[in-house]
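In: would you be able to build a 3D model of this:
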Amino acid sequence: MNIATLPPYAELRCVSNFSFLRGASHPHELVERAHALGYSALALVDECSVAGVVRAHGAAKKAGLKLLVGSQFQVQGQVQGQVKDGRPFTLVVLAINLNGYGNLCEFITRLRRSARKGTYRLLQKHIHAQALADCVVIAVPDRANSQEQMDSLARWVPLVAVGDVHIHVRSRKPLHDVLTATRIGRPLSACGFALASNAEQHLRSRLALAQCYPPELLAETLRVAERCTFSLDELRYQYPGEVVPEGETPAAYLRRITLEGARDRWPEGVPPKVAAQIEHELALIAELGYEHYFLTVYDIVAFARSQNILCQGRGSAANSAVCYSLGITAVDPARASVLFERFISRERNEPPDIDVDFEHERREEVIQ
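Out: Alright, predicted model coming up:
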């Protein structure tokens with residue numbers, strides 16, 4: 001089989017070293033290897049976690065590889081009286097869109113909060129469509145099915161090829177063995193069958209995959225990957241809505257309280273130079289959509305002042321006439337030469353950094 005006839009493939013089950021003491025490769029190593037092998041997509045599904053996807057996302061963008069965001073879970077069989085109902089299996093969950101990503105994160109949070117730190121427990125009864133809406137859910141049996149069982153299942157549910165990837169290349173297996181020994185608390189020589197019996201949990205070539213899976217199961221991986229359109233690029237800061245009074249827009253409210261604050265700062269009249277600077281800043285803040293950010297910081301500072309908690313803004317925010325008018329900083333722009341672009345600029349394309357110090361004895365009140 002030459003390269004031209006190799007089947008396209010998307011790996012839908014891959015864990016990184018963010019699955020603590022289980023995965024033995026960094027997210028970027030997995031992404032780079034999948035790209036080198038010509039994969040169409042790679043799903044990072046660390047166990048009951050999405051901690052590794054940020055690094056995988058950066059590597060995938062650089063490589064030009066589609067990244068699927070998800071997680072995997074060990075599902076326990078339930079005991080009914082003296083009878084165990086169902087065998088344990090692995091549940092792989094992939095976010096289809098932004099709503100699916102939110103549902104997946106909530107699902108992980110519920111599992112983590114209901115168990116002791118560092119663990120989780122998932123029973124079959126906890127799995128329902130509403131909890132994982134807008135997600136692709138793949139059930140992976142812990143033991144390989146016979147061909148007869150596979151043929152029977154295919155009549156009822158779609159089947160898809162998935163790996164169980166823990167390392168990006170075969171040569172990483174010795175490290176994987178050490179991680180396993182550390183996890184179970186035994187010397188490496190005493191681990192026995194707890195160690196993987198071979199190095200097949202690596203990202204395999206498409207030729208090897210074509211020799212392992214029927215073509216239709218390989219093709220199904222592409223259909224799953226096509227459904228999953230979510231990207232971390234869709235995530236945005238979501239500031240509290242209550243910082244804007246009902247009936248006002250964030251831009252209008254920020255303008256109003258800024259001008260009110262400026263009149264308080266300069267009761268004899270706002271200097272023309274400062275008034276022009278305020279207008280310039282408000283226009284740029286509105287253009288970049290940062291009104292909610294300024295209003296949130298203003299709300300925090302206003303609360304602290306209402307409780308007589310000492311606080312003071314500092315850093316590059318001192319270059320802002322808006323921050324001074326809002327009472328966040330104390331550097332008078334009429335008496336100092338400020339460079340607002342050091343604080344906010346179009347080129348940086350990220351929210352500004354407003355540092356506020358609170359008296360350490362009462363910081364917790366502000367946090368709460």
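In: and the helices in the stretch 101-250 of the chain?
Out: For the stretch 101-250 of the chain, the helices defined by DSSP state H, counting those that start in this stretch cover 147-154, 173-184, 206-212, 215-227, 250-265.
In: the nearest residue to residue 176 once chain neighbours are set aside and residue 234, how far apart?
Out: Distances taken as CB to CB, 6 or more residues apart in numbering place residue 24 nearest to residue 176, at 4.0 Å, with adjacent residues excluded. Quick note: C-beta positions are derived from backbone N, CA and C, even for glycine. Noted for residue 24: a distance of 30 Å to residue 234, by CB to CB, to the nearest Å.
In: higher neighbour count, those two?
Out: Ranked by neighbour count (other CB atoms under 10 Å), residue 24 and residue 234 place residue 24 first, with 24 against 10.
In: just to revisit the earlier point, would you mind confirming that the residue nearest to residue 176 makes contact with residue 18?
Out: No - counting by CB atoms under 8 Å, residue 24 stays clear of residue 18, with 11.4 Å between them.
In: can you give me the end-to-end span of stretch 357-368?
Out: End-to-end distance of stretch 357-368 (CA to CA, to the nearest Å): 16 Å.
In: for that stretch, buried residues please.
Out: 358, 366 (16 or more other CB atoms under 10 Å).
In: and what of stretch 155-165?
Out: Buried residues in stretch 155-165, counting neighbours by 16+ other CB under 10 Å, are found at 159-163, 165.
In: what of stretch 182-199?
Out: 195, 199.
In: swap in stretch 217-225?
Out: 217-218, 220-222, 224-225.
In: likewise stretch 282-293?
Out: 282, 284-286, 288, 290-293.
In: which elements pack onto the lengthiest strand in the chain?
Out: For the chain, the strand that runs over the most residues, judged by DSSP state E, is strand 66-76. Here strand 66-76 touches strand 10-14, strand 41-44, helix 53-63, strand 89-95, helix 98-113, strand 122-123, going by 3 or more CB pairs under 8 Å, 6 or more residues apart in numbering; DSSP states H and E.
In: contacts for stretch 20-33, please.
Out: With contacts defined as CB atoms under 8 Å, 6 or more residues apart in numbering, stretch 20-33 is touched by 14-18, 42, 44, 46-47, 52-53, 55-56, 58-60, 63, 65, 67, 165-169, 172-173, 175-176, 179-180, 182-183, 203.
In: circling back: minimum distance to residue 314: which of the helices of the stretch 101-250 of the chain has it?
Out: helix 250-265 (17.8 Å; CB to CB).
In: using CSV, list the CA coordinates for the following helix or strand past the closest one.
Out: Under the assignment DSSP states H and E, the closest C-terminal helix or strand after helix 250-265 is helix 272-288. The C-alpha coordinates for helix 272-288 follow below in CSV (Å, rounded to 0.1, in the frame of the first residue of the first chain):
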residue,chain,number,x,y,z
PRO,A,272,-9.2,70.3,27.9
LYS,A,273,-6.2,68.1,27.5
VAL,A,274,-7.6,65.5,30.0
ALA,A,275,-11.1,65.7,28.4
ALA,A,276,-9.6,64.9,25.0
GLN,A,277,-7.6,62.0,26.6
ILE,A,278,-10.8,60.6,28.2
GLU,A,279,-12.6,60.7,24.9
HIS,A,280,-9.7,59.0,23.2
GLU,A,281,-9.6,56.2,25.8
LEU,A,282,-13.4,55.7,25.8
ALA,A,283,-13.4,55.3,22.0
LEU,A,284,-10.6,52.8,22.1
ILE,A,285,-12.2,50.8,25.0
ALA,A,286,-15.5,50.7,23.0
GLU,A,287,-13.7,49.7,19.8
LEU,A,288,-12.0,46.8,21.6
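In: angle of helix 272-288 against helix 250-265?
Out: Relative orientation of helix 272-288 versus helix 250-265 (axes from the mean of the first three to the mean of the last three CA atoms, to 10 degrees): 160 degrees.
In: packing partners of helix 272-288?
Out: Counting by 3+ CB pairs under 8 Å, 6+ apart, helix 272-288 packs on helix 250-265, helix 321-325.
In: just send those back as JSON lines, with mean pLDDT too.
Out: Putting the helices and strands packed on helix 272-288 into JSON lines (pLDDT from 0 to 100) gives the following:
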{"stretch": "helix 250-265", "mean pLDDT": "96"}
{"stretch": "helix 321-325", "mean pLDDT": "93"}
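In: most packed of these?
Out: helix 321-325 (a mean of 28; mean count of other CB atoms under 10 Å).
In: hmm, who's touching the helix or strand that that helix is followed by?
Out: Scanning forward in sequence from helix 321-325 by DSSP H and E, the next helix or strand is strand 355-358. Strand 355-358 has contacts (CB under 8 Å, 6+ apart) with 297, 300-301, 304, 309-315, 317, 328, 366.
In: same question for stretch 155-173.
Out: So stretch 155-173 is contacted by 9, 11-15, 19, 22-25, 29-30, 32-34, 92, 138, 140, 150, 153, 175-176, 196, 199, 201-204, 209, 212-213, 216-218, 220-221, 224 (CB under 8 Å, 6+ apart).
In: run the chain-centre distance for stretch 205-224.
Out: Between the centre of stretch 205-224 and the centre of its chain there are 28 Å (CA atoms, centre = their mean, to the nearest Å).
In: now the end-to-end length of it.
Out: 20 Å.
In: what does it rub up against?
Out: By CB under 8 Å, 6+ apart, stretch 205-224 touches 1, 6-12, 37-41, 94, 136, 138, 158-162, 204.
In: report the buried members of the residues you listed.
Out: 7, 9-12, 37, 39-41, 94, 136, 138, 159-162, 204.
In: tell me who's in contact with residue 137.
Out: By CB under 8 Å, 6+ apart, the neighbours of residue 137 are 91-94, 127.
In: many thanks, have a good one.
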